[in-house]
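**Q** sequence and predicted model, in that order:
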Amino acid sequence: MTSLREKAGNFLRALTVLLGGGRGSGPVDSVAALENFIATRSSYVAQKTLYGYVKTRMGTRYPAMFEDANIIASLNIAKFNVFAACLSDMTIYAVAAALDGCPCGNDARAALARRCYAAGMRANAGDAPPEFSSQECIAAFDRRLAETEWHRAGTADNFTASPRALVKWAPIADSLKKYDTEIIENSVKFGWRDIREQFRKRLGAATVCGEWAQQWAG
């Protein structure tokens with residue numbers, strides 16, 4: 001029988017591989033590369049911040065979570081909901097930056113954002129629990145798009161959904177979370193800083209713009 005220590009070790013090793021995997025270093029110079037960057041970085045930030053907060057809050061009791069089916073189920077639900085919020089923030093930011101100065105209008109920007117968001121949801125559908133609804137997340141994203149001011153979306157101020165989602169969904173008692181809200185939200189905001197820097201360095205905006213403008217016109 002696998003011991004508790006072995007379960008914890010196996011989980012953490014798998015998580016390390018997951019958080020470090022799929023990050024790549026090539027240019028973001030196509031619509032496909034844009035979709036991939038958005039999806040992988042959203043997954044990375046979601047899981048790093050979620051598991052980091054849970055581990056910090058639980059302290060020495062962290063390994064015990066592997067013996068509690070309710071905590072594991074709650075953590076899985078949280079993982080998908082936090083990812084959906086991260087994906088929402090990163091998609092709008094990345095599309096705004098990639099199409100900044102592009103002659104295509106806001107309808108084209110919204111269409112590319114919907115495509116990238118849907119691609120990210122599909123790529124991470126995997127073992128989604130029945131309590132999680134990707135359709136509800138897509139509907140919420142559409143409502144956000146309707147209110148998006150694209151000339152302001154390509155800034156750090158756009159990252160509003162992911163900090164709130166971590167506070168809401170982390171499987172920690174509300175009586176404890178109320179003391180952590182500011183710290184949690186700041187940890188998520190900080191987690192995005194390096195991602196934005198990577199993205200700006202690797203973005204080939206002219207080629208993404210050209211490819212999408214051609215597809216949109218066709």
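**A** It's in. Numbering: from 1, shown residues only.

**Q** quick one, what contacts residue 206?
**A** Contacts for residue 206 (Cβ atoms under 8 Å, 6 or more residues apart in numbering) come out as none. Backbone N, C-alpha and C define where each C-beta goes, glycine included.

**Q** can you say which helix or strand has it in it?
**A** helix 205-217 (DSSP states H and E).

**Q** pLDDT of that helix, averaged?
**A** Averaged across helix 205-217, pLDDT comes to 92.

**Q** and it, what's buried?
**A** 205, 207, 208, 209, 211, 212 (16 or more other Cβ atoms under 10 Å).

**Q** nearest to residue 50, of those?
**A** Looking at the buried residues of helix 205-217 and their distance to residue 50, the nearest is residue 208, at 29.6 Å (Cβ to Cβ).

**Q** my read: the closest one touches residue 27, true?
**A** No - using Cβ atoms under 8 Å, residue 208 is not in contact with residue 27; the gap is 9.9 Å.

**Q** give the residues shared as contacts by the two.
**A** Shared contacts of residue 208 and residue 27, defined by Cβ under 8 Å, 6+ apart, comprise residue 33.

**Q** okay, residue 17: pLDDT?
**A** pLDDT, residue 17: 41.

**Q** let me fix that, I meant to ask about residue 33.
**A** Taking residue 33 on its own, its pLDDT is 97.

**Q** confirm that it sits in a strand.
**A** No - counting by DSSP: H, G, I helix; E, B strand; the rest coil, residue 33 is not found in a strand; it is helix.

**Q** just checking, it touches residue 39?
**A** No - Residue 33 is beyond contact range of residue 39, at 10.9 Å (criterion: Cβ under 8 Å).

**Q** so these two - more neighbours on which side?
**A** Set side by side, residue 33 and residue 39 show more neighbours around residue 39, with 24 against 18, by other Cβ atoms under 10 Å.

**Q** so the more buried one makes contact with residue 117?
**A** No - in terms of Cβ under 8 Å, residue 39 does not count as a neighbour of residue 117; the distance is 9.2 Å.

**Q** who touches both of those two?
**A** With Cβ under 8 Å, 6+ apart, residue 39 and residue 117 have common neighbours residue 87.

**Q** what's the helix ranked longest in the chain packed up against?
**A** Secondary structure of the chain per DSSP state H: the longest helix is helix 69-98. With contacts taken as 3 or more Cβ pairs under 8 Å, 6 or more residues apart in numbering; DSSP states H and E, helix 69-98 sits against helix 31-58, helix 106-123, helix 134-146, helix 150-153, helix 161-169, helix 181-202, helix 205-217.
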